[in-house]
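> give me a model of this one.
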Amino acid sequence: MYYILAAEFNIADYIPVIIQVLVTAGVIFGGTGYWQYRQSKEQSKRDKESKENGIEKKMDTLSENVSGLGEKVASLDSKVDNLSLEVQEIKKDILLLQKANDETVKYRELRDANDKETLQIQQAVIESLKGLMRERLLDEYNRCIKKGYYTKEEREVYKPLYECYIHDPFRGNGVIGDLHDIMVRLPMTPEKAGIMNDEDSVD
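The predicted structure is shown next:
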């Protein structure tokens with residue numbers, strides 16, 4: 001049987017068929033591989049383009065962000081410059097106020113010292129004038145009591161002096177006030193004068 005098969009099956013007769021099958025298989029498998037290769041290459045191209053487009057988009061976005069940031073930085077620089085100018089103006093104002101305050105303090109210290117000295121001088125002058133007025137009023141009182149009358153002309157001279165003596169800044173004591181009450185009750189003319197004793201006079 002082997003020999004029968006061998007006689008019947010001649011491989012040489014099938015070589016063209018085998019070659020055709022192999023070629024067809026190669027074409028099929030080669031075409032499939034080539035198609036897969038092309039698909040893979042196309043996919044890689046698409047991936048690359050997509051990636052590049054994504055990067056470009058990101059770069060554009062980043063560029064826009066950087067541009068916006070630059071504008072913000074420029075605006076911030078402008079604000080910082082304006083703030084710096086305002087701070088300088090405030091410092092100038094503070095220095096001016098400090099100088100003014102220092103001068104005010106010095107003026108007040110000097111004024112207080114001068115006021116104290118001036119007050120002492122004024123007080124001494126007031127006391128001196130008050131003593132002179134008191135002496136003058138007592139002399140006038142004794143003179144009028146001694147002669148027994150107090151004329152209209154004397155009243156015109158004595159009253160302003162008395163008013164000045166009892167009010168600020170002299171504030172004289174009440175003794176002169178009591179004497180004034182006695183004087184105003186005296187008659188104005190010698191004809192109307194009554195008899196008065198020397199005991200009524202004040203030394």
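
> tell me where the protein has helices.
Secondary structure of the chain (DSSP state H): helices located at 2-8, 11-147, 152-166, 174-183.

> mean neighbour count, distance to Thr189 and mean pLDDT added to the ones you listed, as CSV?
(Glycine included, C-beta is placed from N, CA and C.) Output for the helices of the chain, formatted as CSV (neighbours: other Cβ atoms under 10 Å; distance: least, Cβ to Cβ, whole Å; pLDDT from 0 to 100):
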stretch, mean neighbour count, distance to Thr189, mean pLDDT
helix 2-8, 8, 195, 49
helix 11-147, 11, 11, 75
helix 152-166, 14, 9, 89
helix 174-183, 14, 15, 88
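
> quick one: which of those helices is nearest Glu191?
Closest approach to Glu191 among the helices of the chain (Cβ to Cβ): helix 11-147, 12.7 Å.

> any idea of the angle the closest one forms with helix 174-183?
50 degrees (axes from the mean of the first three to the mean of the last three Cα atoms, to 10 degrees).

> tell me which strands and helices helix 11-147 is in contact with?
Applying 3 or more Cβ pairs under 8 Å, 6 or more residues apart in numbering; DSSP states H and E, one finds that helix 11-147 contacts helix 152-166, helix 174-183.

> just want the most central residue of this structure.
Centroid-nearest residue in the chain, with Cα atoms, centre = their mean: Ile90, separated by 8.4 Å.

> from Asn173, how far out is that one?
Here the distance between Ile90 and Asn173 works out to 61 Å (Cβ to Cβ, to the nearest Å).

> likewise for Asn53?
Counting by Cβ to Cβ - Asn53 and Asn173 are separated by 113 Å.

> next, Gly172: phi, psi?
With angles defined as degrees, to the nearest 10, Gly172 sits at phi -70, psi 160.

> no, scratch that, I was asking about Arg171
According to degrees, to the nearest 10, Arg171 has phi 50, psi 60.

> I'd like to know how many residues surround the closest residue to Lys192 other than its chain neighbours.
Spatial nearest neighbour of Lys192, excluding adjacent residues (Cβ to Cβ, 6 or more residues apart in numbering): Tyr149 at 6.9 Å. By other Cβ atoms under 10 Å, the residues close to Tyr149 number 17.

> contacting residues around Tyr149?
If you count contacts by Cβ atoms under 8 Å, 6 or more residues apart in numbering, Tyr149 has them with Leu186, Pro187, Met188, Thr189, Pro190, Lys192, Ala193.

> ok, which pair from these is furthest apart?
Leu186 and Pro190 (11.0 Å).

> any residues in contact with both of those two?
Taking Cβ under 8 Å, 6+ apart as the contact rule, Leu186 and Pro190 both touch Gly148, Tyr149.

> which residue of these two possesses the greater neighbour count?
Using other Cβ under 10 Å, the more surrounded residue of Leu186 and Pro190 is Leu186, with 20 against 10.

> which residues touch the closest residue to the more buried one other than its chain neighbours?
Setting aside the residues directly before and after it, Leu186 is nearest to Tyr150 in space (Cβ to Cβ, 6+ apart), at 3.8 Å. The contact partners of Tyr150, taken as Cβ under 8 Å, 6+ apart, are Cys144, Tyr158, Met183, Val184, Leu186, Pro187, Met188.
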